[in-house]
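In: Fold the stuff below for me.
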Amino acid sequence: MDIQLPGMSGIECTAALKLKLPALRVMMLTVYEDSDAIFDALKAGTSGYLLKRSAPDRLIAAIKELHHGGSPMTSEIARKVIDSFHSAKTATHPEDRLTPREEEVLQFLAKGYSPKEIGAKMDLSYETIRVYLKRVYEKLHVHSRTEAVLKYRHPNEASKADD
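Out: Numbering: from 1, shown residues only. Model (predicted):
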């Protein structure tokens, strides 16, 4: 999905589609790389975000990754997401604070790596990564990778939406 569409933005279209088809996986493929566009698209429900200048083989790999439940992002987009982690506030409840290992898993997740790839990067088993992800989801009170990244990025906004 492109952000710039005639009649409505790709972000608006994604939000409308996700209301009718919550399981639909949408990936933005656009020239827009500003933080507002990225986070607006993620909030609307996109599962991935690539720039149009991505190599064709990266685009094909991203489509396959999306199909298999991944959240592909270009490295430039992942960097913006990671940088946003550094400005995130710590959790208000000590039991909800992520451990350094859980944060590391979440950072790889934000880069678009699958649990299997994260395991390879961290030299841990797939099952261990799944346990870390389960703990991250529980601590952040989310149900998906995108929600985890967004809630960690914008903890105050996410808690307001829950009220």
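In: other SSEs contacting the lengthiest helix in the chain?
Out: Within the chain, and with DSSP state H defining each element, the longest helix by residue count is helix 126-140. Packed against helix 126-140, as judged by 3 or more C-beta pairs under 8 Å, 6 or more residues apart in numbering; DSSP states H and E, are the following elements: helix 100-110, helix 115-122, helix 145-153. All C-beta spots, glycine's among them, are computed from the backbone N, C-alpha and C.
In: Please report the distance of the spatially most central residue of the chain from A15.
Out: Among the residues of the chain, T146 comes closest to the average C-alpha position under C-alpha atoms, centre = their mean, at 3.6 Å. Using C-beta to C-beta, to the nearest Å, T146 is found at 13 Å from A15.
In: Can you name the residues that contact M122?
Out: Residues near M122 by C-beta atoms under 8 Å, 6 or more residues apart in numbering: 104-105, 108, 129.
In: from those residues, which is closest to I82?
Out: F108 (9.7 Å; C-beta to C-beta).
In: quick one: the closest one from L133, how far?
Out: 10 Å.
In: Now do the domain split for this structure, please.
Out: 1-87, 90-163 (automatic domain parsing).
In: coming back round to it: residues that sit against both of T146 and A15, list them.
Out: G45.
In: picking up where we left off before, quick check: mean pLDDT across the longest helix of the chain?
Out: Computed over helix 126-140, the mean pLDDT rounds to 89.
In: Which positions within that helix qualify as buried?
Out: For helix 126-140, the neighbour count (16 or more other C-beta atoms under 10 Å) marks 128-129, 132-133, 136-137, 139-140 as buried.
In: Run the angle between it and helix 145-153 for me.
Out: Going by axes from the mean of the first three to the mean of the last three C-alpha atoms, to 10 degrees, helix 126-140 is angled at 50 degrees with respect to helix 145-153.
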